[in-house]
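Chemist: give me a model of this one.
(2 chains)
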Amino acid sequence: MTTSTHQTEIAADPDVPLVRISRDFDAPPAKVFRAHTDPELVVQWLGPRSHEMRIDHYDCRTGGSYRYVHVSDGNEFGFHGCFHEVRPSELIVQTFTFEGVPDGVALEKMTFTDLGNGRTRLIATSLVDSFGDRDAFIASGMEEGVREGYDRLDELLAG
Amino acid sequence: MPADPLSRVFSALADPTRRDMVARLAVADATVNGLAEPYDVSVQAVSKHLKVLEDAGLVSRSRQAQRRPVHLEADVFDLMTTWIERYRRQAEERYRRLDDVLQTMPDDVDTPTPSTQTGAPS
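Modeler: Alright, predicted model coming up:
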């Protein structure tokens, strides 16, 4: 098998405040699912590279909950949510809150589709309750790029 | 109206009529009357939509008193595309790390046992 060249696809829905990410993996659904539910595995990939990720608890089963923090330069950013529906190798439905904006909540849904030949398509959607929140959510994922981006937009809009 | 520029741009584009107006302005500048034509709304309503687009920095209007052609600020669109691309790339980096994790996992991964589903302590 050649090196993986799977592309992450992203779509921001124009009609509802939703972001959809799609990505294929060279592993069967059971494996991809396990990498989403076992905290020892989750901690290895979920957080941004520039931050240390620390898991308080990660109880990925229907009715369970999670909390973790990203640590960067002594600053801690906490995230928590509940697992609403967890179906092995098929589906995870969970909420997601950034504790810096405690009233905000995203409804996240991850589906694991068996593509055969030991491959899986992961589709992750994130639904929030306003376009403003959705766009803030998109912006929040962009690390230092967003500050630079905002500066550039400020310049553009001021021009 | 949201205070930060990105949210202003996105909320301006959340309305289908405004998106349609922007799509038409991407082809050519147009006057307010010209923009109003295909819609079953008043020129005043179109002016209100334009005001939102203008406040978001998406369009500009020249000062020519009579015709006031509306002009699309394409730079702002380029910037939005850049942002979404950055977000995509961040997700891609995350999933490349997941690729690596999957490589290190044994092949005989069991699906979680039913006890996991019923919430019994493991």
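Chemist: C-alpha only now, for contacts and for neighbours.
Modeler: Fine.
Chemist: ranges for the strands of chain A?
Modeler: All strands of chain A, identified by DSSP state E, fall at A:9-12, A:18-25, A:52-58, A:65-72, A:75-87, A:91-98, A:106-116, A:119-127.
Chemist: pLDDT on the first one, on average?
Modeler: Looking back up the chat, that one is strand A:9-12. Here strand A:9-12 scores 75 as its mean pLDDT.
Chemist: how far is that strand from where the chain is centred?
Modeler: On the basis of Cα atoms, centre = their mean, to the nearest Å, strand A:9-12 is displaced by 13 Å from the centre of the chain it belongs to.
Chemist: cool, and stretch B:47-67?
Modeler: The gap between the average C-alpha position of stretch B:47-67 and the chain average comes to 19 Å, counting by Cα atoms, centre = their mean.
Chemist: which SSE is immediately downstream of whichever strand or helix holds B:Lys48?
Modeler: Assigned by DSSP states H and E, B:Lys48 falls within helix B:43-55. Where DSSP H and E defines the elements, the next helix or strand beyond helix B:43-55 is strand B:59-61.
Chemist: please name the nearest non-neighbouring residue to B:Tyr95.
Modeler: Taking Cα to Cα, 6 or more residues apart in numbering or on different chains, and ignoring the residues beside it in sequence, B:Tyr95 has A:Trp45 as its nearest neighbour in space, at 7.4 Å.
Chemist: can you pull out the low-pLDDT segments for the chain?
Modeler: Here I'm looking at chain A. For chain A, residues meeting the criterion pLDDT under 70 lie at A:1-5, A:14, A:132-133, A:135-159.
Chemist: nope, chain B
Modeler: Counting by pLDDT under 70, the ranges of chain B that qualify are B:1-4, B:63-67, B:77-83, B:109-122.
Chemist: helices or strands up against the longest helix seen in it?
Modeler: Among the segments of chain B that qualify as a helix by DSSP state H, the longest is helix B:74-104. Helix B:74-104 sits against helix A:29-37, helix A:39-45, helix A:131-140, helix A:143-158, with contacts defined as 3 or more Cα pairs under 8 Å, 6 or more residues apart in numbering or on different chains; DSSP states H and E.
Chemist: name the nearest residue to residue 55, ignoring sequence neighbours.
Modeler: In the absence of a named chain, this looks at chain A. Counting by Cα to Cα, 6+ apart, A:Tyr68 is the residue found nearest to A:Ile55 once chain neighbours are left out, at 4.2 Å.
Chemist: chain B is the one I meant
Modeler: The shortest distance from B:Asp55 to any residue other than its chain neighbours is 7.9 Å, reached at B:Arg8 (Cα to Cα, 6+ apart).
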